[in-house]
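sequence? don't have it. structure:
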């Protein structure tokens with residue numbers, strides 16, 4: 001297992017911790033006036049989230065909000081537990097609220113079963129995701145996120161509407177810091193192929209690749225310096241370089 005695939009908590013920028021397990025990322029944002037969680041990973045990441053919070057002297061109930069980039073199962077895995085046990089609400093774009101409630105009911109362009117046969121290098125990663133609870137996620141009735149304006153949560157991230165991977169996908173941008181949380185609109189590890197480097201997620205989990213291509217332009221327009229994806233390691237060479245690489249890679 002590579003170092004980037006191990007369970008870990010890593011400071012990737014000032015005030016930003018990357019919480020990682022089985023190729024899945026969520027991010028803890030410490031703005032000085034509170035804590036915001038970007039995405040909620042898988043159920044098995046609870047211990048890792050607690051470790052991240054512990055580094056800041058905090059507990060789950062100290063989170064102000066969970067901002068979901070989209071409603072897939074590997075991004076809402078801790079949402080129900082955080083809401084039911086700690087009173088922390090999740091938020092997502094209106095178009096993904098039904099998906100967040102039922103995180104396995106999503107559109108895709110290609111059948112999933114073909115991918116382990118075509119891309120065997122992804123099988124160990126998918127097995128680790130399963131061990132981390134990928135098959136036991138409970139949905140959440142998330143509140144609505146409106147794109148375009150800074151949200152009234154710690155860090156004041158700006159939702160960037162970037163549909164394609166799902167109908168309501170949103171990235172989150174920190175303009176002053178130049179940091180963009182791209183969710184699955186752009187990743188540096190595709191769980192369905194095992195391929196690394198900036199790219200879109202395979203058609204096995206993407207609703208509309210053509211729309212995702214258009215959304216790459218919206219990400220590039222932020223001029224972010226640091227790209228933090230939903231899967232894979234941070235990309236530090238600027239969002240425009242990452243988007244150009246994603247165009248070259250296409251979608252499997």
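That came through fine. For clarity, every value in this text was computed on a predicted model and none was experimentally measured.

any idea which helix or strand carries the residue with the largest distance to the centre of the chain?
Using CA atoms, centre = their mean, the residue of the chain lying farthest from its centre is residue 117. It sits 25.6 Å away. Here residue 117 sits within helix 114-118, counting by DSSP states H and E.

who touches that helix?
Judged by CB atoms under 8 Å, 6 or more residues apart in numbering, the contacts made with helix 114-118 from elsewhere in the structure are 122, 123, 126, 192, 193, 202, 204, 252. (C-beta placed from N, C-alpha, C; glycine too.)

and with 7 Å instead?
Counting by CB atoms under 7 Å, 6 or more residues apart in numbering, helix 114-118 makes contact with 122, 123, 126, 192, 193, 202, 204, all of which sit outside it.

now the element after that helix, going C-ward?
Next in sequence after helix 114-118, counting helices and strands by DSSP H and E, comes helix 123-131.

right, and the helix or strand after that following helix?
Tracing the chain past helix 123-131, the next element assigned as helix or strand by DSSP H and E is strand 143-145.

any buried residues in that next one, and which?
Using 16 or more other CB atoms under 10 Å as the test for burial, strand 143-145 gives residue 145.

give me the sheet partners of it and which way each runs.
Strands flanking strand 143-145 in the sheet, each with its direction: strand 90-93 (parallel) (DSSP bridges).

how far does the following helix or strand past the partner strand sit from the chain's center?
Following strand 90-93 in sequence order, the next helix or strand is helix 97-101 (DSSP H and E). The offset between the C-alpha centroid of helix 97-101 and the centroid of the whole chain comes to 15 Å, using CA atoms, centre = their mean, to the nearest Å.

any idea how far residue 196 is from residue 115?
Remark: distance between residue 115 and residue 196 (CB to CB, to the nearest Å) = 16 Å.

any stretches of the protein with poor pLDDT?
For the chain, the stretches with pLDDT under 70 are 1-5.

can you pull out the strands in it?
Listed in chain order, the strands of the chain (DSSP state E) span residues 8-13, 16-21, 24-30, 35-38, 63-67, 90-93, 143-145, 158-161, 170-174, 179-183, 187-189, 196-199, 226-229.

so what's residue 236 closest to, chain neighbours aside?
Of all residues beyond its chain neighbours, the one nearest residue 236 is residue 226 (5.9 Å), with distances taken as CB to CB, 6 or more residues apart in numbering.

my guess is the one you found contacts residue 174, does it?
No: counting by CB atoms under 7 Å, residue 174 is not a contact partner of residue 226; they are 9.0 Å apart.

of those two, who's got more company?
Neighbour comparison, residue 226 and residue 174: the larger count goes to residue 174, with 23 against 19 (by other CB atoms under 10 Å).

hmm, that one is touching residue 151, no?
No: shown here, residue 174 and residue 151 do not form a contact pair, counting by CB under 7 Å, at 11.1 Å.

what do those two both touch?
Common neighbours of residue 174 and residue 151, using CB under 7 Å, 6+ apart, are residue 157.

who's in contact with the closest residue to residue 39 other than its chain neighbours?
Distances taken as CB to CB, 6+ apart put residue 26 closest to residue 39, at 4.1 Å, once the chain neighbours are dropped. Contacts for residue 26 were tallied using CB under 7 Å, 6+ apart; they are 19, 37, 38, 39, 40, 41, 45.

mind redoing it with 6 Å?
By CB atoms under 6 Å, 6 or more residues apart in numbering, the contact list for residue 26 reads 19, 39, 40, 41.
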